[in-house]
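>>> Sharing a model prediction with you, sequence too.
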Amino acid sequence: MVHVVYKGRALPLAWLVRQGKKGHFPEALHITLLEQVQRRIPAGAQVVLLGDGEFDGTTLQQTVQAYRWSYVVRTGSNITVMWDGETFRCETVASCIKPGTLVELTDVHVTQEAYGPVMLICCWATGYKEPLHLVTNMASAEEACRYYAKRFRIETFFSDQKSRGFHLNKSHIADQHRLSRLLMAACLAYLWIIYLGSLCIEQGWTSIIHRRHRCDLSLFQLGLRLLNHFLNEGLRIPVAFHVFI
């Protein structure tokens, strides 16, 4: 699934459903997904692709580069790196630094395919047990790390779709076409619930459905509570968008 970050929230943009065992998607499927996204992106829009270790394939990086997008993706510590006439693995860089350190290597070629030039970043944040290895086509390591930090916002979306929200993990649907249709409905509902959560804050409903002086609920949970309040009180339910079929 690909998300777009809007006002601090990760919102679903496109996805693919496959049948098979749980695990990483092949690179070809990721590229197919990006092709769907690319058709939906307005010409001239600034795009920064963020991805975990599934997105570090060299063919995928070439595809993103051809779209003239920026990207920051995580890569493995065992990846082969060629830099300044030397060949080594990413973990070699990590062995030379300590927590609170960021190292950037420019004009790097990665993997046995020697793809590049790209920037390799080894970032070891204070308080973490091990560093992150990132590959990017951006010019600034600090900017790349700042963007990559936004990737973790998608985790709230997954929890809202499953254990803390719609409980899609309990649907027991195995057919990929039926699951895709369910995801379409769930994602539209998610957008609406986030809208209700924003409305809850903007129009001062929070003190009525939650606490008066402190709020520790997400936009999604606020939206669900506000919807429940409207239903219980027989109030008009606001609608922010319409879908024409």
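Structure received. Numbering: from 1, shown residues only.
>>> The residue nearest to Leu102 when sequence neighbours are not counted and Thr58, how far apart?
Of all residues not flanking Leu102 in the chain, Cys123 sits nearest, at 4.8 Å (C-beta to C-beta, 6 or more residues apart in numbering). C-betas here are computed from N, CA, C, even on glycine. Counting by C-beta to C-beta, to the nearest Å, the gap from Cys123 to Thr58 is 21 Å.
>>> for Phe152, same thing?
25 Å.
>>> who's more crowded, the two?
Thr58 (18 against 10; other C-beta atoms under 10 Å).
>>> show me the residues around the closest residue to the more buried one other than its chain neighbours that make contact.
With sequence-adjacent residues excluded and distances taken as C-beta to C-beta, 6+ apart, Thr58 is closest to Tyr115, at 3.9 Å. Going by C-beta atoms under 8 Å, 6 or more residues apart in numbering, Tyr115 touches 58, 61-62, 109.
>>> mind running it again at 7 Å?
58, 61, 109 (C-beta atoms under 7 Å, 6 or more residues apart in numbering).
>>> can you put those in a markdown table and add distance to Asn169 and secondary structure?
Below are those laid out as a markdown table (distance: C-beta to C-beta, whole Å; DSSP: H, G, I helix; E, B strand; the rest coil):
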| residue | distance to Asn169 | secondary structure |
| --- | --- | --- |
| Thr58 | 33 | helix |
| Gln61 | 32 | helix |
| His109 | 41 | strand |
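>>> What is the nearest of those to Pro42?
Gln61 (22.8 Å; C-beta to C-beta).
>>> Would you enumerate the residues in contact with the closest one?
71, 115.
>>> Show me the helices in the chain, by range?
According to DSSP state H, the chain carries its helices in the segments 27-40, 58-66, 90-94, 141-148, 154-161, 176-202, 206-209, 219-233.
>>> quick one: which of those helices is nearest Leu168?
So among those, helix 154-161 is nearest, using C-beta to C-beta, at 5.2 Å.
>>> Now do the closest one, average pLDDT.
On average, the pLDDT along helix 154-161 is 79.
>>> how far is that helix from where the chain is centred?
Offset of helix 154-161 from its chain centre (C-alpha atoms, centre = their mean, to the nearest Å): 10 Å.
>>> Tell me how many other residues surround the closest residue to Gly57 other than its chain neighbours.
For Gly57, ignoring the flanking residues on the chain, the nearest one in space by C-beta to C-beta, 6+ apart is Glu27 at 3.9 Å. Residues within reach of Glu27, counting by other C-beta under 10 Å, total 16.
>>> could you check the distance from Glu27 over to Arg74?
Using C-beta to C-beta, we find Glu27 at a distance of 15 Å from Arg74.
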